[in-house]
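Student: this one's structure only:
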């Protein structure tokens, strides 16, 4: 199908950009001498995951058991479920392991560790668990020096659970925007995770995997000594938040939302689009960053950026395209908004956050350099 | 299925509250002597729509052609597609009409009006079009006194298209929070839409339907003289934004997200939940209102509110439950966060925006007063 024929709104993946992003990350990981385990929550799409594996990824990271089930069914068997396990989800994890999936669980507290040990014992299953380490205080995990780390390690180790490793995610990297700050956080992430592994090993608990990562820290790390693998997700498509963090250019962003101009309010300088927040998502991640892109950055159908314009507002199925107020050329342009963006014109909107925007769509349209496209299914739910 | 057995995160509808909300709105419309055409974009769920129709709704409003197709397939044939039409979407509209669907289109500009007329002429189809009127300047539509209103009316009327009516949506009502301001906007919405109908009729163009509505204005209107029908959507479930607008109580909110406590950061006073923004949505609609509920208001499994707590942050599959900073009782409670909210505990989160939160889920669990539930499917996409 040609771009012009795709009904709007639609999610487009520029396949050449995606492949470039995959090659860039995998190349870095190869150079740093670590394995790479992409986080597939960004796309939930087997076609994308196959491209990541073809480039050299070893195993995947998932954020839901549904992702684990779907990608295992599609032939991926090395899967890290990177959200702390709770007892009520153990039956689904057991079912996956019984089918041959090498599913690794994550915990960061003694209660869940004991529950996994007890459930494994009850069902004769040796679960593999990685302990989540907190290296930047932004969310979950155990700090490397906490006694809890060894408590959890021992509960698992002494009760028939394999401690497969430690893992951390320095998600606060999304709040940074200089190479120096990112490199410093990458080193903090590395050092903290390695320290946690050392403490477990000193206590007699094997800890083979030492896993770190977020897109910004993965791209900023200069040394990954002691690390066995890196995880990252959004790098595969990138987005405006990552642009503001400083780890990609606007031309690297592989996801866009195809939309049609459906109306105008000429006195206000608005063109109305058929991409509202249902298509673009409610994610306003750039609102707290150096450059606020509203609900997204408009481009022409061929991908040419339209500087000076922004999606300034969104209702459920309506977006408002307007001049970016800070732009000195904007006022003049807004007077001819209806001429510049006529009814029926197609545009592409670069999203704030690729994970959130992709989630709004049942499928991507994977666009080749010649403008032809094929549908790539994605899924949602838990 | 009992509540305790539902895997988390999950979207719950309290059916008794939903039925009460439906009865309240339909009762008001009956008392005001107008038809009611619910906007089904909120739920995209045939079970909910059947309850609305059983209570007296006449026809439905949709925001996408996919909704029109799905609900027509389920037996609803009086459908208003309330987003301005563009030429590229006409083949799907034609297909629906050819199958017997009484689909009404909406336009607010001469270009689209001419395109519908031309397409109808080409295919021998008499489309029915309602003209969108702008009564509060918040989005699309033609202002009642603009010449464009008559231009569009004439293009349609003189080229074989039935002008079925005028419609408006005073969506700026979401920004108000007093009964007086809402009543004034409801009157502005009514008067503007009636005026547009009168101008068309004076020009010799029949305009049978005069359709207004948003949940706040529908509930605030005191007089609907000249109006034939009202539309509203989110009233069926309500949410925290509507609570802040002042048109429902927290006990009226029929949608909640079932979640499990999966961890803690005791030094920060955080309980970590398995409902992040993928479940709760990125909608932060209450951030601009009098009471900011963060990513949602926590409740116990039985629905009892937990005042003093809030979902203060969200990553993709992690939510952070913490004391609401403004609450004087909160600090003391946060010291025993792990005792109060142990691992595995189930909670319910009232959402900021029912339309956005529901859209994250493939199904609702419709919960009866005895705590049993059945699955109600919903759909997404375009």
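Tutor: Cool, got the structure. Here the structure is a predicted model, which is why all the values come from computation and not from measurement.

Student: which residue ranges form the strands in the stretch 201-350 of chain A?
Tutor: Assigned by DSSP state E, counting those that start in this stretch, the stretch 201-350 of chain A shows strands spanning A:209-212, A:229-230, A:255-265, A:270-273, A:297-300, A:309-314, A:319-323, A:346-350.

Student: Need those in a markdown table (columns: distance to chain B).
Tutor: C-beta coordinates here come from the backbone N, C-alpha and C atoms, glycine included. Below are the strands of the stretch 201-350 of chain A laid out as a markdown table (distance: least, C-beta to the nearest C-beta, whole Å):
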| stretch | distance to chain B |
| --- | --- |
| strand A:209-212 | 17 |
| strand A:229-230 | 18 |
| strand A:255-265 | 5 |
| strand A:270-273 | 5 |
| strand A:297-300 | 17 |
| strand A:309-314 | 8 |
| strand A:319-323 | 7 |
| strand A:346-350 | 9 |
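
Student: show me where the stretch 51-200 of chain A has helices.
Tutor: Applying DSSP state H, counting those that start in this stretch to the stretch 51-200 of chain A gives helices spanning A:65-73, A:90-98, A:110-123, A:147-157, A:179-202.

Student: closest one to residue B:368 among the strands of the stretch 201-350 of chain A?
Tutor: strand A:309-314 (35.7 Å; C-beta to C-beta).

Student: For the strands of the stretch 201-350 of chain A, please prepare TSV with the additional fields mean pLDDT and mean neighbour count.
Tutor: What follows is the strands of the stretch 201-350 of chain A, written out as TSV (pLDDT from 0 to 100; neighbours: other C-beta atoms under 10 Å in any protein chain shown):
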stretch	mean pLDDT	mean neighbour count
strand A:209-212	98	26
strand A:229-230	98	24
strand A:255-265	98	26
strand A:270-273	98	26
strand A:297-300	98	21
strand A:309-314	97	23
strand A:319-323	97	25
strand A:346-350	98	25
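
Student: Can you convert those into a markdown table and add a column each for distance to residue A:73?
Tutor: As requested, the strands of the stretch 201-350 of chain A are exported to a markdown table (distance: least, C-beta to C-beta, whole Å):
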| stretch | distance to residue A:73 |
| --- | --- |
| strand A:209-212 | 24 |
| strand A:229-230 | 24 |
| strand A:255-265 | 25 |
| strand A:270-273 | 37 |
| strand A:297-300 | 36 |
| strand A:309-314 | 35 |
| strand A:319-323 | 36 |
| strand A:346-350 | 32 |
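
Student: Of those, which is nearest residue B:23?
Tutor: That would be strand A:309-314 among the strands of the stretch 201-350 of chain A, by C-beta to C-beta, at 32.0 Å.

Student: what helices or strands is that closest one leaning on?
Tutor: helix A:277-280, strand A:297-300, strand A:319-323 (3 or more C-beta pairs under 8 Å, 6 or more residues apart in numbering or on different chains; DSSP states H and E).

Student: Kindly calculate the angle that that strand makes with strand A:255-265.
Tutor: 80 degrees (axes from the mean of the first three to the mean of the last three C-alpha atoms, to 10 degrees).

Student: how far does strand A:309-314 sit from the chain's center?
Tutor: 24 Å (C-alpha atoms, centre = their mean, to the nearest Å).

Student: Report the angle between it and strand A:346-350.
Tutor: 80 degrees.

Student: Among the strands of the stretch 201-350 of chain A, which comes closest to residue B:137?
Tutor: Nearest of the strands of the stretch 201-350 of chain A (C-beta to C-beta): strand A:255-265, 8.0 Å.

Student: Show me how far that closest one is from its chain's centre.
Tutor: 25 Å.

Student: Sheet partners, orientation included, of it?
Tutor: strand A:10-14 (antiparallel), strand A:270-273 (antiparallel), strand A:346-350 (antiparallel) (DSSP bridges).

Student: Could you export these as CSV, including distance to residue B:23?
Tutor: Formatted as CSV, these follow (distance: least, C-beta to C-beta, whole Å):
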stretch, distance to residue B:23
strand A:10-14, 39
strand A:270-273, 35
strand A:346-350, 41
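
Student: Which residue does the stretch 101-250 of chain A have closest to chain B?
Tutor: Residue nearest to chain B within the stretch 101-250 of chain A (C-beta to the nearest C-beta): residue A:111, separated by 4.1 Å.
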